[in-house]
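>>> okay, sequence plus prediction incoming.
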There are 4 protein chains.
Amino acid sequence: MITEDSLIYLFLDARRNYMVNVGQGTFHTDKGTMDLKQLVGKPWGTAVETNLGVKYFALKPTLHDLCMRVSRQTQIIYPKDGAQILVKSGIGPDSRIIECGGGSAAMTTLMAHFIGPKGRIFVYERDEKFMKNAAKNLTRYGLIDRVEFKNREITPEAEFDETEIDFCMLDSGSPWDLIPAAHKALKGGHRLATICPNAEQMNKFAVTLEEMNYVCVECMELIVREWLARKTKGTRPVQHMASHTGFLVFGTKTV
Amino acid sequence: MITEDSLIYLFLDARRNYMVNVGQGTFHTDKGTMDLKQLVGKPWGTAVETNLGVKYFALKPTLHDLCMRVSRQTQIIYPKDGAQILVKSGIGPDSRIIECGGGSAAMTTLMAHFIGPKGRIFVYERDEKFMKNAAKNLTRYGLIDRVEFKNREITPEAEFDETEIDFCMLDSGSPWDLIPAAHKALKGGHRLATICPNAEQMNKFAVTLEEMNYVCVECMELIVREWLARKTKGTRPVQHMASHTGFLVFGTKTV
Amino acid sequence: MITEDSLIYLFLDARRNYMVNVGQGTFHTDKGTMDLKQLVGKPWGTAVETNLGVKYFALKPTLHDLCMRVSRQTQIIYPKDGAQILVKSGIGPDSRIIECGGGSAAMTTLMAHFIGPKGRIFVYERDEKFMKNAAKNLTRYGLIDRVEFKNREITPEAEFDETEIDFCMLDSGSPWDLIPAAHKALKGGHRLATICPNAEQMNKFAVTLEEMNYVCVECMELIVREWLARKTKGTRPVQHMASHTGFLVFGTKTV
Amino acid sequence: MITEDSLIYLFLDARRNYMVNVGQGTFHTDKGTMDLKQLVGKPWGTAVETNLGVKYFALKPTLHDLCMRVSRQTQIIYPKDGAQILVKSGIGPDSRIIECGGGSAAMTTLMAHFIGPKGRIFVYERDEKFMKNAAKNLTRYGLIDRVEFKNREITPEAEFDETEIDFCMLDSGSPWDLIPAAHKALKGGHRLATICPNAEQMNKFAVTLEEMNYVCVECMELIVREWLARKTKGTRPVQHMASHTGFLVFGTKTV
């Protein structure tokens, strides 16, 4: 049942959908206004009508929805890439993770969800404004207890505070500069990763890992292609797609 | 530290790598024989040498590795697709899931990992041989307690036993036939999904969902393209890739 | 040298570029007005300035430019697909071609260019308005002498007039209906092709060919992905791309 | 009708197919031996039977077939890429082309076909062995009269002999080194192009062009994805595909 505390993915169609808290009460859309509190006690999937008679559905948010709906002050790691990072990172319940460059917490959301209440993510973010926005997103999603923010830069003089880390996610303009610090923090046999827009960055990160005797150094990109399936008009890919979000690089530390 | 109970991803290179239990002791490869027990008490990432002097590394398995290394008696859902399903399924810790057509438990492994010790997956698998193999894989991975197998087919006379389910994963040759049963089992506002090889199957599944007033009906395919990043020889995609594993379809139940 | 008869690809940037005839004299753009006649006697690649001081370059049009710049009253076959059809069609200088469904003459332009002055394309187009537009495009490009238009539909009672044809390009909503007529017109050992938006159409066309003992029945799609190469900012794919234009099907007639 | 001089694409299936001259008489395959001369006077598309009773079809070769079937002593430019180059090069009947790095003449074959008997390609190839192989391929295809070979390297001291060239195709390991020479040979408003395996090469070539005031500098890759269309088993992409052949770069000279 939906409660006053529920976070809802309010859906009309592919363009009109919102992440809302039931407790906020009145909600305005370009198709009219509705009172979200009428949903309290109703089952998930119930429709709520605006004053203009348009029906929105109250859906259970997926991780994908949460990721896409963070309040954004930076580029985000898209959930297609984040999902691949999850399964290739080696993390699981109780993992201890370093994320350097927290952005708007889209990736943090994915990982925090995955590591459970006893896991912990140490987010290093030098921009205080981004950090506060990220923390707000995680608070809204009920995940803030799993995350510890550090508002500083990583330098050769001030590396990561943690050791025996299970996974390092390095997201910065020159992520190879972070590898020596990550190397010290990371457990042997465990992985670090980056995502970067350019081929040259991918190269430099991967080559640096190889020079430091990392194994399973893997570079890849992920492409999601959406399709239309219509009853009488047939099946075909949609006409436009995202061509590129970023290149992923992974490597595993040896000892 | 590695213990006698550790499951290890033993890695030499992209073609020579194995999922092994330290406790099994002697392990044979085409590069010689090694005693895995010498790893006990060593840190993850340690190298172990064969009698021919070749070094393999003892790495922490990722979910991706576990998925790819199930003992296979069927096609598997590849981790790239499984990862996307995870983030778009709406599942999380404690979820209760129906999986119809359990295959070799690659997808079950991903989901079982994700739902934690209090979650539960009800796997319907009509082929007893496949079911036993799947159970063996999950036992090896320490996930069997989260999974309940049912060795039977779903028919209009014998639908799913459960209700108030958080996610249904329908993997069969004609997955649209399973939608009515899944619809009864599924919570409102929650999702079901399939993966299928052919465009016609994708169409039929998606159209059936739309006719049953599902929303957020989404069809897609996921392509992973691997890259080579070499220090002096430059950066380019590898020459060959998997062109196709399957089409994914998702939908959300309304009430 | 550019003459008064030259057709010019007038280029400022990726969004502002035009196919113009020098002889038309004055040309208006959102960056000002210019007199194209000042280009007469100048070398190709010369810049021409508008009254607002913006420089456009007078470039030699490529086949790609001609294709993209036909006056459109229909969907066009994009040059990436058209180019692939050219090299897989078996046509060359002096070929005799049937094109059923002429559209706006983008594909006709490609083929007419390729077959030379002694080749001939018989274009069947039932819509008179489309036919007149196509003819206008071909006239402008100086290719009309190689093309013969027939303003009628193909039916079992009224098939193609020609025989001993080197290639049939069938572009209609149900191209499989045209195969029997094309089969009679086509030389043995030669090819026919279609392009269609949906997977089901591709299937029906390919299966029909196989049932009629065609060999080399090939289905494919072509994806062009554009890249950005910046001096200091690195190399990456552009962010958005066309995901789909159409599926191509080819087959070769046996006797 | 097939004559003793015909070049034939002898086809059994996707793996067993050959480019043969009818005049060579006896031909051996792993499915038996046949006498090709029995095809003389028969229509294209006729089947010829081996002594083991297996039927091969005598098909008209397409440009794609010719390209793929050159005797190879080097990597070739694949016809999918070659086709795109054709339509974006600006060449047509009577064009005069420089090709630097002739390889095995796959691209030369495409272009020679396209420019007609009055066009001309100047191929600079420093490796005499490659040059002889390329010439042999072109002789077999009846295109050698349109091609002039120069067995030498391009250096700052020894640039191209020609001027007023319509298109330069630069295919070498460091194609940017050839740009100054190509620039002198090329007409204004006309294009040059390269194909290269690595992102870094693409970058360097494109950036060099921009620094020399070239316009319409375009970088791209072309992906062909093959599909299976089966009557009862449905429609899907084949499982494996070429992920990468090369990056294409084009630019247009301004004056």
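Alright, I've got the coordinates.
>>> distance check, A:A199 against A:S71.
31 Å (CB to CB, to the nearest Å). Using the backbone N, CA and C atoms, a C-beta is placed for each residue, glycine as well.
>>> could you look up the SS state of the residue of the stretch 1-150 of chain A found nearest chain C?
Closest contact between the stretch 1-150 of chain A and chain C, by CB to the nearest CB, is at A:Q75 (11.0 Å). Counting by DSSP: H, G, I helix; E, B strand; the rest coil, the backbone at A:Q75 sits in coil.
>>> same check, this time on the one 10 residues further on
What three-state DSSP gives for A:I85 is helix.
>>> quick revisit: so A:A199 and A:S71 - more neighbours on which side?
Shown here are A:A199 and A:S71; by other CB atoms under 10 Å in any protein chain shown, A:A199 has more neighbours (28 against 12).
>>> need the pLDDT of the more buried one.
pLDDT, A:A199: 98.
>>> torsion angles phi and psi at it?
Dihedral angles of A:A199 (phi, psi; degrees, to the nearest 10) stand at phi -60, psi -40.
>>> just the CA atoms of stretch A:165-183, as PDB, please.
Output of stretch A:165-183 as PDB, limited to C-alpha atoms (Å, rounded to 0.1, in the frame of the first residue of the first chain):
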ATOM      1  CA  ILE A 165      38.400  -0.900   0.200                       C
ATOM      2  CA  ASP A 166      36.300  -3.300  -2.000                       C
ATOM      3  CA  PHE A 167      35.900  -1.100  -5.100                       C
ATOM      4  CA  CYS A 168      37.000   2.300  -6.200                       C
ATOM      5  CA  MET A 169      35.000   4.300  -8.700                       C
ATOM      6  CA  LEU A 170      37.100   7.100 -10.100                       C
ATOM      7  CA  ASP A 171      35.200   9.800 -12.000                       C
ATOM      8  CA  SER A 172      37.200  12.900 -12.800                       C
ATOM      9  CA  GLY A 173      38.600  14.600 -15.900                       C
ATOM     10  CA  SER A 174      42.000  13.000 -15.400                       C
ATOM     11  CA  PRO A 175      41.200   9.800 -13.500                       C
ATOM     12  CA  TRP A 176      44.600   8.300 -14.000                       C
ATOM     13  CA  ASP A 177      45.900  10.800 -11.500                       C
ATOM     14  CA  LEU A 178      43.800   9.100  -8.900                       C
ATOM     15  CA  ILE A 179      45.100   5.600  -9.500                       C
ATOM     16  CA  PRO A 180      48.100   5.700  -7.100                       C
ATOM     17  CA  ALA A 181      45.900   6.800  -4.200                       C
ATOM     18  CA  ALA A 182      43.200   4.300  -5.100                       C
ATOM     19  CA  HIS A 183      45.800   1.600  -5.300                       C
END
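>>> tell me the buried residues in that stretch?
Judged by neighbour count using 16 or more other CB atoms under 10 Å in any protein chain shown, the buried positions of stretch A:165-183 are A:165-172, A:175-179, A:181-183.
>>> burial measure for A:V54, as a count.
16.
>>> contacts only, for it.
Listed by CB atoms under 8 Å, 6 or more residues apart in numbering or on different chains, the contact set of A:V54 reads A:12, A:29, A:31-32.
>>> again, but for A:F122
A:96-99, A:148, A:150, A:160-162, A:165.
>>> with respect to A:F57, which of those residues is nearest?
Minimum distance to A:F57 across the contacts of A:F122 is 33.3 Å, recorded for A:E99 (CB to CB).
>>> wait, isn't the closest one in contact with A:D171?
Yes: here A:E99 reaches A:D171: they are 7.2 Å apart, a contact under CB atoms under 8 Å.
>>> need the residues touching each of these two.
By the contact definition CB under 8 Å, 6+ apart, A:E99 and A:D171 are jointly contacted by A:M107.
>>> tell me the one of the contacts of A:V54 nearest C:E226?
A:L12 (33.7 Å).
>>> how close does the closest one get to chain D?
For A:L12, the distance to chain D (CB to the nearest CB, to the nearest Å) stands at 32 Å.
>>> between the buried residues of stretch A:165-183, which sits nearest A:P117?
So of the buried residues of stretch A:165-183, ranked by how close each gets to A:P117 (CB to CB), first place is A:D166, at 16.0 Å.
>>> contacting residues for that closest one?
For A:D166, counting by CB under 8 Å, 6+ apart, the contacting residues are A:90-91, A:95-97, A:187, A:190, B:60.
>>> angles on the backbone of the closest residue to it other than its chain neighbours, please.
Spatial nearest neighbour of A:D166, excluding adjacent residues (CB to CB, 6 or more residues apart in numbering or on different chains): A:S95 at 4.2 Å. Dihedral pair for A:S95: phi -60, psi 150, per degrees, to the nearest 10.
>>> what is the burial count for A:S95?
20.
>>> and for A:E128?
What A:E128 shows, counting by other CB under 10 Å, is a neighbour count of 11.
>>> looking at it, it is touching A:R152, isn't it?
No: judged on CB under 8 Å, A:E128 makes no contact with A:R152 at a distance of 9.9 Å.
>>> dump the residue contacts of the residue of the stretch 1-150 of chain A closest to chain C.
By CB under 8 Å, 6+ apart, the neighbours of A:Q75 are A:G103.
>>> and A:A158, by the same measure?
Taking CB under 8 Å, 6+ apart as the criterion, A:A158 is in contact with A:R152.
>>> how about the helices in chain A?
A:63-68, A:79-89, A:106-115, A:128-140, A:179-185, A:199-211 (DSSP state H).
>>> Throw those into JSON lines and include distance to chain C, thanks.
Listed next are these as JSON lines, based on distance: least, CB to the nearest CB, whole Å:
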{"stretch": "helix A:63-68", "distance to chain C": "16"}
{"stretch": "helix A:79-89", "distance to chain C": "14"}
{"stretch": "helix A:106-115", "distance to chain C": "17"}
{"stretch": "helix A:128-140", "distance to chain C": "22"}
{"stretch": "helix A:179-185", "distance to chain C": "19"}
{"stretch": "helix A:199-211", "distance to chain C": "5"}
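>>> mind checking pLDDT for the residue in the stretch 1-150 of chain A that chain D sits nearest to?
Closest residue of the stretch 1-150 of chain A to chain D, CB to the nearest CB: A:Q84 (16.9 Å). Among the per-residue scores, A:Q84 shows a pLDDT of 98.
>>> what's around it, how many residues?
25.
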